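# this is a predicted model, with the sequence first.
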Amino acid sequence: MNTISRDEVAHLARLARLAVTEDELDTFAAQLDVILASVARVGEVAADDIPPTSHAVPLTNVFRADEVRPGLTQQQALSGAPATEDGRFKVPQILGGDE
């Protein structure tokens with residue numbers, strides 16, 4: 001016996017704005033029954049003595065040491081810029097407004 005009726009499949013098809021034939025209603029009803037039975041079977045497997053997990057194997061994040069390293073000086077950073085002004089990159093103005 002189907003747990004999902006043809007009428008329910010037709011209703012879902014209307015909600016999803018899908019055009020389905022009469023034959024497809026029967027096919028989809030049977031397929032949805034298989035899917036729902038599979039999901040129910042997974043629910044039966046879960047046991048109370050098994051803790052819930054998000055991953056099958058333990059995950060460990062690997063971080064590098066947070067160490068201060070020398071950076072560029074302002075002069076070095078600006079050395080490759082096509083234009084600079086007052087120690088900053090100078091770029092063309094793209095928005096109108098007061099300067």
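Nice, thanks for sending it over. Numbering: from 1, shown residues only.
# from here on, just use CA atoms for contacts and neighbour counts.
Will do.
# what's the separation between residue 40 and residue 34?
Distance of residue 40 to residue 34, computed by Cα to Cα, to the nearest Å: 10 Å.
# okay, those two: which has more neighbours?
Using other Cα atoms under 10 Å, the more surrounded residue of residue 40 and residue 34 is residue 34, with 14 against 11.
# let me know the helix or strand that that one is in.
In the assignment (DSSP states H and E), residue 34 maps to helix 22-45.
# quick one: the helices in the chain?
For the chain, the helices defined by DSSP state H cover 6-15, 22-45, 74-78.
# show me what the second one is packed against.
Judged by 3 or more Cα pairs under 8 Å, 6 or more residues apart in numbering; DSSP states H and E, helix 22-45 is in contact with helix 6-15.
# what lies in contact with the helix it packs on?
Around helix 6-15, the neighbours that count as contacts under Cα atoms under 8 Å, 6 or more residues apart in numbering are 19, 20, 25, 26, 28, 29.
# one more time with 7 Å, if that's ok
19, 25, 26, 29 (Cα atoms under 7 Å, 6 or more residues apart in numbering).
# now it against helix 22-45, angle please.
100 degrees (axes from the mean of the first three to the mean of the last three Cα atoms, to 10 degrees).
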